[in-house]
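Peer 1: Take a look and give me a structure for this.
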Amino acid sequence: MDTCEKLNVSNFEAFLKLPENADKRFELHNGAICEMSPSSELPTLLASELISYLRPFVRERGLGFVTAPDGGFALTPHDVLSPDVAFIRAERLSGIRRRGFFQIPPDLAIEVVSPSDSIPALQRKAARYLALGVREVWIIYPDDQTADIYRAGSAPDRLEVQQIASDGALESDLLPGFRLPLSQLFALGTPILDDRPEDEPSER
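Peer 2: Model (predicted):
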């Protein structure tokens, strides 16, 4: 019987260096390569806005580092994930290597939902982030202008999910003093067009 061998991080790095993969984005999920679809307009801008709010806050206080969607985190020998935005506390990095993925999980991982994303799959990804050492995960829902904050629960294999309504704000114990109202995040200076098909269900 044939067996399917899981790829490891080294195999994955070699795969990414192939010429045909130069302009593509991939993640490694439990040894399987997953191609990431390009993000559409609104999620792309929201991820950029999140970075623009987080990076000055983190830098001014010497809290650590904020990464963009091309940052890869080798969370196990068979998992390399790339959050849309991530935060790493300064004390967890003794130095920054020129090559290779981050070898530690970020403290905070943020995913902005795109139309091509499966919401249940993204929610399972949030649970996997936490299982692999990420302390907190934010999922941003552009259609509803809401968010979920995932944290590990007090009991093993249990998650705490805090739902943030559209009139609420993103806050975290990882970033003392940081507060970003969702209304401010979504105030992009130009109308957000409702171009969803009539039969498309809500994100949640």
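
Peer 1: Where do the helices of this structure begin and end?
Peer 2: Listed in chain order, the helices of the chain (DSSP state H) span 9-16, 41-60, 119-131, 182-185.

Peer 1: And for the longest one, what's in contact with it?
Peer 2: Residues outside helix 41-60 that contact it (C-beta atoms under 8 Å, 6 or more residues apart in numbering) are 39, 63-66, 68-69, 84-85, 87, 110, 112-114, 140, 142, 175, 177-178, 180, 185-186, 188, 192. Where you see a C-beta, it was placed from the backbone N, CA and C, and this is true even at glycine.

Peer 1: One more: stretch 21-34?
Peer 2: Contacts of stretch 21-34 (C-beta under 8 Å, 6+ apart): 5-9, 12, 15-16, 35-36, 38, 69-70, 72, 78-82.

Peer 1: for stretch 82-96, same thing?
Peer 2: 25, 27, 36, 39, 43, 47, 50-51, 54, 58, 62-73, 102, 104, 106-112, 129, 174-175.

Peer 1: Out of those, which sit inside strands?
Peer 2: Counting by DSSP state E, the part of these found in strands is 25, 27, 36, 64-67, 73, 108-112.

Peer 1: pLDDT weak spots in this structure?
Peer 2: 1-4, 155-156, 196, 198-204 (pLDDT under 70).

Peer 1: Quick check on the spatially most central residue of it: phi, psi?
Peer 2: Nearest residue to the geometric centre of the chain (C-alpha atoms, centre = their mean): residue 83, 2.7 Å. For residue 83, the backbone dihedrals are phi -60, psi 160 (criterion: degrees, to the nearest 10).

Peer 1: and the gap between it and residue 14?
Peer 2: Applying C-beta to C-beta, to the nearest Å, the value for residue 83 to residue 14 is 23 Å.

Peer 1: Ok, residue 26 next?
Peer 2: Counting by C-beta to C-beta, the gap from residue 26 to residue 14 is 12 Å.

Peer 1: hang on, the earlier thing: what's the closest of the helices of the chain to residue 97?
Peer 2: helix 9-16 (13.0 Å; C-beta to C-beta).

Peer 1: Off-centre distance for the closest one?
Peer 2: Centroid displacement of helix 9-16 relative to its chain, using C-alpha atoms, centre = their mean, to the nearest Å, is 21 Å.

Peer 1: Pull out the buried residues from that helix.
Peer 2: Residues of helix 9-16 classed as buried: 9, 12-13, 16 (neighbour count, 16 or more other C-beta atoms under 10 Å).

Peer 1: And stretch 122-137, by the same measure?
Peer 2: In stretch 122-137, counting by 16+ other C-beta under 10 Å, buried: 122-123, 125-126, 128-130, 134-137.

Peer 1: Would you mind pulling the contact partners of it?
Peer 2: Stretch 122-137 has contacts (C-beta under 8 Å, 6+ apart) with 75-76, 79, 81, 83, 104-111, 113, 139, 148-152, 159, 172, 174.

Peer 1: Which of those residues are buried, as a ChimeraX select command?
Peer 2: The following ChimeraX line selects those of the contacts of stretch 122-137 that are buried, judged by 16+ other C-beta under 10 Å:
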select :75,76,79,81,83,105,106,107,108,109,110,111,113,139,148,149,150,151,152,172,174
